[in-house]
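Enquirer: This is a predicted model, with the sequence first.
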4 protein chains.
Amino acid sequence: MGNHMARNLLKNGYPLVVFDVSSESTSALKSDGAQVASSPAEVASATHRIVTMLPESSHVQEVYTGSKGIFSAIQDKSLLIDSSTIDPSVSQHIAGEAQKGDSVYLDAPVSGGVNAARDALLTFMVGGPETHFNQAKELLSLMGKNVVHCGAVGTGQAAKICNNMLLGISMIGTSETMNLGIKLGLDPKLLASILNMSSGRCWSSEVYNPVPGVLDGVPSSNQYKGGFGTALMTKDLGLAQSAAINNKIPTPLGSMALQIYRTLCNKGYGGKDFSVAYQFLQNEEKKK
Amino acid sequence: MGNHMARNLLKNGYPLVVFDVSSESTSALKSDGAQVASSPAEVASATHRIVTMLPESSHVQEVYTGSKGIFSAIQDKSLLIDSSTIDPSVSQHIAGEAQKGDSVYLDAPVSGGVNAARDALLTFMVGGPETHFNQAKELLSLMGKNVVHCGAVGTGQAAKICNNMLLGISMIGTSETMNLGIKLGLDPKLLASILNMSSGRCWSSEVYNPVPGVLDGVPSSNQYKGGFGTALMTKDLGLAQSAAINNKIPTPLGSMALQIYRTLCNKGYGGKDFSVAYQFLQNEEKKK
Amino acid sequence: MGNHMARNLLKNGYPLVVFDVSSESTSALKSDGAQVASSPAEVASATHRIVTMLPESSHVQEVYTGSKGIFSAIQDKSLLIDSSTIDPSVSQHIAGEAQKGDSVYLDAPVSGGVNAARDALLTFMVGGPETHFNQAKELLSLMGKNVVHCGAVGTGQAAKICNNMLLGISMIGTSETMNLGIKLGLDPKLLASILNMSSGRCWSSEVYNPVPGVLDGVPSSNQYKGGFGTALMTKDLGLAQSAAINNKIPTPLGSMALQIYRTLCNKGYGGKDFSVAYQFLQNEEKKK
Amino acid sequence: MGNHMARNLLKNGYPLVVFDVSSESTSALKSDGAQVASSPAEVASATHRIVTMLPESSHVQEVYTGSKGIFSAIQDKSLLIDSSTIDPSVSQHIAGEAQKGDSVYLDAPVSGGVNAARDALLTFMVGGPETHFNQAKELLSLMGKNVVHCGAVGTGQAAKICNNMLLGISMIGTSETMNLGIKLGLDPKLLASILNMSSGRCWSSEVYNPVPGVLDGVPSSNQYKGGFGTALMTKDLGLAQSAAINNKIPTPLGSMALQIYRTLCNKGYGGKDFSVAYQFLQNEEKKK
């Protein structure tokens, strides 16, 4: 993801200083004209506008607050944009640290996959002060087509994990419903069309149906390859649950969706598209 | 419901013989020209095309197989259309009994509420042999705008309870998600718009949002009055679970949706629109 | 089960007339002195005290109300004792039918497995009028060591499915807890001992621990062979859910326990002891 | 709690230096002979054996790592014993910080309530190196009757949250089961006795039955007053879920138990004993 995003900035004439733990990633960008730094600190000392894209909260904390992290060499009035999907409270904590150094940190997680990153079609959900949002938008609009201001820092994360929690619930709900209806004698395409003309319709039933053969060009019709991995959905549902626990909010179906996707990961489906929930529910395996 | 449906048949010039346990219901139809019978048996002896609309499986069994029921006086080659929402296995059982008397029974549950019944805008989901479906369609299309053939007898019920199971799941999921996002600092309308442009969108988030003030003209913006009652949703989720248990099908979120709506009924929300799930999740009440 | 129970009656000098769809079962009893009937009706015409033991509600209905069923040839003032585990409402229905013929039907499901049946160590939970309970006790105490009067007809079933619902919940709860604790670094035996001296203790943690090696002589220490099958637990949890749905009672953990055991059945664990829930939760399988 | 624990150390002749944000707490101890410090740092500079008892992870972090915290003034080779119930990963983090200063931190959460603290009847579940466990035991055995070594640092917390997760599940399971059985016609005391002689028995059914009148001297027979508060159970279930999420472990019933207790807190039951789950399930309230 980060690689595609960086290349879209380069394409638009922005000089870049890049860092990644994998030198493979940065060497490709180097040949496109980027300068390669040896640490986040070195990036921070070279520029005052920094975009980060990392897998988990712990990586974000290390890259910002670690001994060779951004804060160890940050310049005054830097603009920090983190596109990782992480715990909103971690975003808020880092924003507080940034402020001490007279800088501003925005959370700006994305929706859209690797192809959307390559084609600059991502959606950015941004949390942070409005004035700095406008500065960030200049960069983000080169990497995505929608840049939405969600509110104070952390609300970008909140919007992202809310959407994905509802998506996870809807996908499992659609999978259960299609499985039940088919077992009760309904034709899969007919059932999908009835749901989609009725109040049961959702994105998962309409444009990403989890039953093989109902729609063309979706992962379920391609052995659940590609798409949005079950392990990533499980991670996002975990973030939603952590936020719900810390904020004392009941989310019964959200918590159950996490349990189901966690079980799928344990049973070997982590690398398949998250619509594989249908196969898991539907499949009767041989006796063990 | 049944009253409006009957009136639409009368309007179209069909002579009617009607029966209801409440004489209030039938007296209104009488003044519109219907003949009133004293039992289902009397209806069956007077006509060979019968439409029934009843609250629960037990009523359907009584009306068809009871001592003064339809089967006690049925004419050969009768066409029986049951628009009740009941257990598909009960529909199948009654269809079998009908066949013994050389008659045909179709299940034809509806979606759409009282207003749709009045305005002949219902959707009928019909299960039964295709030839008889075409005969039934002549009558049903006078009472609704969509008449869908779902397959063998019982599949009309299956389609209905599948749609409503997914609807119940989506509504609770939308309620949890809106509640979580709002508590995390997002504006309700902004959150709804983000979901609706993203993969979390569903009928409940788009056209029936459960958060007061997000949409106009929906029950949530009118103190959860009108709409589709929580007690009725609970009944339909119970039918879905019975079908799932009898057919050995896992439906984890469907079963949890039943538990949540059952709890709402127990706590006094049975008469409110089913989007009141949001209020239940959101509301912090005083200490007991 | 039924075979062992019959043999215990024979041993105590009671002449028997027996029927089973499997002639293998009855031929063994024949050589022990039982007379073999060709239908339930033939049994009913030969004796006025009848004990039935059948797998599911549908079999009980057939054996009592079918064309060659008990009621087709029943003698006045017969005592009918059904030891099947079935839906309490079916027991109540058959009791009503029995009463019409001036007979009495008691539900008397058992706890304890095949070995307990062989050794006359079963527990019978009996529902029906107290006077007839005392008559039934004469026979039941020859086949079990505990014969408990639970109340009106159907309450024997209620007691049975209540116990097994709590058992299913406790077993999954114990499995989750042991799995979590072990992954957090606790020794399995130490964790079990801490639970068992504390408020978390239950039958599943104390005498039937699901983690291999914690206890000797339990199915978990013998590859989950023997014991109480997952498919049978799933059936009983389904009966509990049907009763809960029909009686409008919320049972969130009971419903989730059913979903989990149903998933285990689908994934091939139906023939293993129900403590295999631990293995299902614990096991990380290879990528699919 | 902390107050009672401190007094038991004083009683046994140990001179104490104490700190609490509430001067009310410390003034009582002062009159019993304790010296009162003005910060955790002051305690740390006065003694090398420190016991802490705090409500949540955030307080523990503040007391140890804050600007006037223990680590700001710690002496070499101090022994730090934390009896708070917190996230095991926080315990592990603080243990790592302690080690840098050549000190040792043990987690030692307790089971047993205020009365057990007063009477020195607590159970301590201790995580940390065995040699230091033995040193800690000298102090802990003056405040409790059981001091169990659970393994490496963090395993004391793990044991505590595992026990309470299973307890929460069992209590809700018992509540559902008792409610279902009573509604199906069983006498509450009879049902409890059947469960307790069978495989459904657990601590919640045997010694803490949630149905009023089944047992004497338990909170359910005293309007759910006293005992272990629903809000505290909810906190512990949240810790269990955080640990499960961070360690990628499925706990479906544990997560559902959290959702149910969270809902109870929202509905005003937070201050009642956690057996009030029965009342919540059972109670039909008036229409809203």
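Expert: Nice, I can see it.
Enquirer: which parts of stretch A:256-268 are buried?
Expert: Residues of stretch A:256-268 classed as buried by neighbour count (16 or more other CB atoms under 10 Å in any protein chain shown): A:256-267. Using the backbone N, CA and C atoms, a C-beta is placed for each residue, glycine as well.
Enquirer: among those, which are in helices?
Expert: A:256-264 (DSSP state H).
Enquirer: The helix or strand containing A:L281 and chain D, any residue contact?
Expert: Remark: A:L281 resides in helix A:277-282, with elements defined by DSSP states H and E. No: for a cut-off given as CB under 8 Å from any CB of the partner chain, helix A:277-282 has no contacts with chain D; the smallest distance is 13.0 Å.
Enquirer: Tell me if that helix is near chain B.
Expert: Yes: on the criterion CB under 8 Å from any CB, helix A:277-282 is in touch with chain B at A:L281.
Enquirer: Show residues contacting that helix.
Expert: A:171-172, A:174-176, A:178-179, A:182, A:210-211, A:220, A:224, A:230, A:260-261, A:263-264, A:267, A:269, B:249-250, C:263, C:266 (CB atoms under 8 Å, 6 or more residues apart in numbering or on different chains).
Enquirer: out of the residues you listed, which touch chain D?
Expert: Answer for those near chain D (CB under 8 Å from any CB): A:T263.
Enquirer: Strands - which of the contacts of helix A:277-282 land there?
Expert: Judged by DSSP state E, those include no members of strands.
Enquirer: and the helix of greatest length in chain A, which residues are buried?
Expert: In chain A, taking DSSP H as the definition, the longest helix is helix A:155-183. Judged by neighbour count using 16+ other CB under 10 Å, the buried positions of helix A:155-183 are A:155-182.
Enquirer: Which residue ranges make up the domains of chain A?
Expert: A:2-152, A:159-282 (automatic domain parsing).
Enquirer: Name the stretch among the ones you listed that sits most buried.
Expert: Comparing those by mean neighbour count (mean count of other CB atoms under 10 Å in any protein chain shown), domain A:159-282 ranks first with a mean of 23.
Enquirer: which residue packs closest to A:E206, ignoring adjacent ones?
Expert: A:N196 (5.2 Å; CB to CB, 6 or more residues apart in numbering or on different chains).
Enquirer: tell me the pLDDT at the one you found?
Expert: Listed pLDDT for A:N196 reads 96.
Enquirer: cool, and the one 3 residues further on?
Expert: According to the model's per-residue confidence, A:S199 sits at a pLDDT of 95.
Enquirer: need the strands for the stretch 51-200 of chain A, in chain order.
Expert: For the stretch 51-200 of chain A, the strands defined by DSSP state E, counting those that start in this stretch cover A:79-82, A:104-107, A:110-111, A:122-127, A:144-151.
Enquirer: Could you tell me the least trusted of these?
Expert: strand A:110-111 (a mean of 92).
Enquirer: can you dump the C-alpha coordinates of stretch A:38-52 into CSV?
Expert: Written as CSV, here are the backbone C-alpha positions of stretch A:38-52 (Å, rounded to 0.1, in the frame of the first residue of the first chain):
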residue,chain,number,x,y,z
SER,A,38,18.1,4.9,7.3
SER,A,39,15.5,5.5,10.0
PRO,A,40,12.2,7.4,10.8
ALA,A,41,14.4,10.0,12.6
GLU,A,42,16.4,10.7,9.4
VAL,A,43,13.1,11.2,7.5
ALA,A,44,11.9,13.6,10.2
SER,A,45,15.1,15.6,10.1
ALA,A,46,14.8,16.0,6.3
THR,A,47,11.2,17.0,5.9
HIS,A,48,8.4,18.6,7.8
ARG,A,49,5.6,16.7,6.1
ILE,A,50,5.5,13.0,6.9
VAL,A,51,3.1,10.3,5.8
THR,A,52,3.2,6.9,7.6
